[in-house]
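[1] next input, structure requested:
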Amino acid sequence: MINKRVTSMAQAVQGIKDGDVLLIGGFGTSGRPADLLAGVFELGVKDLTLVANNSTTGSDVIAELMRANRVRKLVCSFPRGLTGDTIFDELYRAGKIELELVPQGTLAERIRAGAAGIGGFFTRTAAGTELARGKETRLIDGQEYVLEKPLLGDVALIQAKKGDRWGNLVYHRGARVNNPAMAGAAKLVIAQVNEFVELGELDPEHIVTPGVFIDRVIEVKK
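    Numbering: from 1, shown residues only. Sure thing, here's the model as predicted:
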């Protein structure tokens with residue numbers, strides 16, 4: 001019997017190790033797997049690379065991971081908090097954290113490329129800027145394009161509205177940002193859901209992420 005549900009956070013984050021690349025779903029706080037991130041913090045792993053649309057809102061678990069010097073590198077579109085300086089600013093100025101800044105649409109497409117097994121793609125975004133330095137460029141129809149490589153992770157941490165024991169997931173609105181693509185772009189995929197439902201309760205037409213992409217599901221009620 002296929003049953004991907006786990007009942008403790010320790011079970012959910014088991015196997016995450018030092019040096020892993022973590023794909024973290026969501027847009028701002030919408031769809032952000034905050035409880036799974038708290039589990040990663042409790043696990044004590046370090047030397048992590050975090051891939052996310054925005055790294056921190058200024059005071060959250062990712063900020064705490066950075067403050068504890070557990071994050072080696074950020075790959076994101078927005079590394080800072082919403083207002084004022086954050087721990088990221090402090091660490092970056094001190095040379096204690098690496099940053100790969102990626103335009104928002106390019107980040108999403110690099111993740112999707114990783115999930116789809118695409119070796120790379122050309123985009124006009126960032127052409128002629130510092131972000132294109134060191135990357136292959138090509139003239140296509142008279143326009144300069146930049147080659148972007150796919151993004152893959154050791155672990156994807158995602159958040160959904162509902163899930164069943166097979167790992168089928170449905171999302172709530174903005175929570176779909178990056179979560180579905182990340183589910184296909186990592187070796188180990190762990191989902192936290194607001195509600196665990198019985199098999200057959202999810203309308204197949206509403207399932208966004210099929211269970212074949214998911215390894216573990218944990219229920220975290222709001």
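[2] the residue of the chain most remote from its centre and Lys135: what is the separation?
    For the chain, the residue at maximal distance from the C-alpha centroid (CA atoms, centre = their mean) is Gly142, at 34.6 Å. Using CB to CB, to the nearest Å, one obtains 19 Å as the distance from Gly142 to Lys135. (C-beta placed from N, C-alpha, C; glycine too.)
[3] please apply the same query to Lys96.
    26 Å.
[4] repeat for Pro150
    Pro150 is 14 Å from Lys135, by CB to CB.
[5] more neighbours, the two?
    Pro150 (18 against 13; other CB atoms under 10 Å).
[6] OK, contacts around that one?
    Neighbouring residues of Pro150 by CB atoms under 8 Å, 6 or more residues apart in numbering: 110-111, 113-114, 118-120, 185.
[7] for Ala156, same thing?
    Neighbour list for Ala156: 22-25, 182-183, 185-186, 188-190 [criterion: CB under 8 Å, 6+ apart].
[8] can you lay out these as JSON lines showing distance to Glu198, pLDDT and secondary structure?
    Output for the contacts of Ala156, formatted as JSON lines (distance: CB to CB, whole Å; pLDDT from 0 to 100; DSSP: H, G, I helix; E, B strand; the rest coil):
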{"residue": "Leu22", "distance to Glu198": "30", "pLDDT": "98", "secondary structure": "strand"}
{"residue": "Leu23", "distance to Glu198": "29", "pLDDT": "97", "secondary structure": "strand"}
{"residue": "Ile24", "distance to Glu198": "29", "pLDDT": "96", "secondary structure": "strand"}
{"residue": "Gly25", "distance to Glu198": "24", "pLDDT": "93", "secondary structure": "coil"}
{"residue": "Met182", "distance to Glu198": "26", "pLDDT": "96", "secondary structure": "helix"}
{"residue": "Ala183", "distance to Glu198": "21", "pLDDT": "96", "secondary structure": "coil"}
{"residue": "Ala185", "distance to Glu198": "29", "pLDDT": "97", "secondary structure": "coil"}
{"residue": "Ala186", "distance to Glu198": "27", "pLDDT": "97", "secondary structure": "strand"}
{"residue": "Leu188", "distance to Glu198": "25", "pLDDT": "98", "secondary structure": "strand"}
{"residue": "Val189", "distance to Glu198": "22", "pLDDT": "98", "secondary structure": "strand"}
{"residue": "Ile190", "distance to Glu198": "21", "pLDDT": "98", "secondary structure": "strand"}
